[in-house]
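Enquirer: Would you be able to build a 3D model of this:
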Amino acid sequence: MTSEIIKERVRTWHKHGYAPQYIASTLKLPVDEVKAIIDNPPEPKPAKPAKGYGTEFLEPLFK
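Expert: Predicted structure coming up:
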C-alpha cells in the first residue's frame with residue numbers, strides 16, 4: 001500500500017507532464033500502481049461548516 005504523500009507526489013508529477021513510466025522508476029513503484037493512482041483521484045473532503053453557524057437571535061429594539 002502506498003502512503004498518501006507518495007500518491008500526492010505521483011499526482012503532482014503527472015500534472016506537470018511526467019510519464020507514468022518515469023514516475024514509477026523514480027519512486028520505485030510498479031507502473032500499474034502509478035497508473036491506478038493517476039486514474040483514481042482522491043475523493044473531495046467534506047466542507048467544514050462555517051464557524052458560528054446556527055440560528056442567530058436578535059433582541060428587538062423597544063423604545
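Enquirer: and the lengthiest helix in the chain, what does it pack onto?
Expert: With secondary structure taken from DSSP state H, the chain has its longest helix at helix 4-15. Counting contacts by 3 or more Cβ pairs under 8 Å, 6 or more residues apart in numbering; DSSP states H and E, helix 4-15 packs against helix 20-27, helix 31-39. No exception for glycine: its C-beta is placed from N, CA and C like everyone else's.
Enquirer: Looking at these, spot the one closest to residue 2.
Expert: helix 31-39 (6.6 Å; Cβ to Cβ).
Enquirer: Please find the angle between the direction vectors of the closest one and helix 4-15.
Expert: 80 degrees (axes from the mean of the first three to the mean of the last three Cα atoms, to 10 degrees).
Enquirer: Go through helix 31-39 and flag the buried ones.
Expert: For helix 31-39, the buried set under the neighbour-count rule, 16 or more other Cβ atoms under 10 Å, comprises 33, 34, 35, 37, 38.
Enquirer: Now render those as JSON lines, adding pLDDT and distance to residue 22.
Expert: JSON lines is the format used below for those (pLDDT from 0 to 100; distance: Cβ to Cβ, whole Å):
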{"residue": "33", "pLDDT": "96", "distance to residue 22": "14"}
{"residue": "34", "pLDDT": "96", "distance to residue 22": "9"}
{"residue": "35", "pLDDT": "96", "distance to residue 22": "13"}
{"residue": "37", "pLDDT": "95", "distance to residue 22": "14"}
{"residue": "38", "pLDDT": "95", "distance to residue 22": "12"}
